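[1] 3D, please:
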Amino acid sequence: TARFSNRLGEYFEKLVEYWIRELCGYRIIAQNVQVHGATRTIGEFDLLFDDGAQVHHWEMAVKLYLGHRAVAGPDGWIGPNPADWLGKKWPHLRDKQLRLAETVAGREVLTWLGVEEVTACGFFKGYLLQPLNPDYAVESHPDAHSRSGGGWWVHEREIELIEATHVADGFVELPKLRWLAPAHADQTLPLEHHSRLLVREQPVLVALIVDGVESSRGFVVPDDWPDSA
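    Numbering: from 1, shown residues only. Model prediction:
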């Protein structure tokens, strides 16, 4: 029985699994297989699949990070939950998770699965959102794709910057499981009603709508973000 989850990461993994299995026609070998060391769990194989020529090990993540000068340099990208930041997540995926097959415990798990060799790849998707207030602007991350998704963010106290910098028919709030795809909406709230987004305890993701389709997206975050970690 399929288990419903409101977690964005799990939803993303289900979409990738469907793509690999049903649309590409590749064989899924295993998913979310934990690798245990002598005293603790040292990692997990997110996805192992066979395309007929080789076995692939994919480590998957989908993230939305907001640029802020609170962290110097290209690592100044922080999640809506400020305890999560790109400067920690990306090196962990690149230097640890993708090298799991090189560990003794990782090779033992692969042998148990009947796999001799894998090609590792990080499937890391998401958005990098720049502040509407240029005082918080941060340089691009050197490893980000030039065509990676973008957007904006603004503190509640400066929410008028949305209307000052964008022209749109209106906006809609995006629940977490709608964070991945472009938004479409026939009914929107006018931008001058942006006060509806105030007095929240956590960041709110909204899409600005022009002619029924998304023109841009951004987070409205509490005034104490990112110090609220």
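[2] The host helix or strand of residue 127 pairs with which strands?
    Using DSSP states H and E, residue 127 falls within strand 119-131. Sheet pairing of strand 119-131 (DSSP bridges) gives strand 55-67 (parallel), strand 149-155 (parallel).
[3] got the buried residues for that strand?
    120, 122, 123, 124, 126, 127, 128, 129, 130, 131 (16 or more other Cβ atoms under 10 Å). The C-beta positions use only the backbone N, C-alpha and C, and glycine is treated the same way.
[4] picking up where we left off before, could I get the strands paired with strand 119-131 as CSV with mean neighbour count and mean pLDDT?
    Listed next are the strands paired with strand 119-131 as CSV, based on neighbours: other Cβ atoms under 10 Å; pLDDT from 0 to 100:
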stretch, mean neighbour count, mean pLDDT
strand 55-67, 22, 95
strand 149-155, 19, 91
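[5] Distance to residue 225 added to those strands, as CSV?
    Below are those laid out as CSV (distance: least, Cβ to Cβ, whole Å):
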stretch, distance to residue 225
strand 55-67, 8
strand 149-155, 7
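[6] Pop out the phi and psi values for residue 94.
    Main-chain torsions, residue 94, degrees, to the nearest 10: phi -70, psi -40.
[7] Quick check: closest non-adjacent residue to it.
    With Cβ to Cβ, 6 or more residues apart in numbering as the criterion, residue 94 has its nearest non-adjacent residue at 6.4 Å, and that residue is residue 122.
[8] so what's that neighbour scoring on pLDDT?
    At residue 122, the model reports a pLDDT of 94.
[9] Noted, bye for now.
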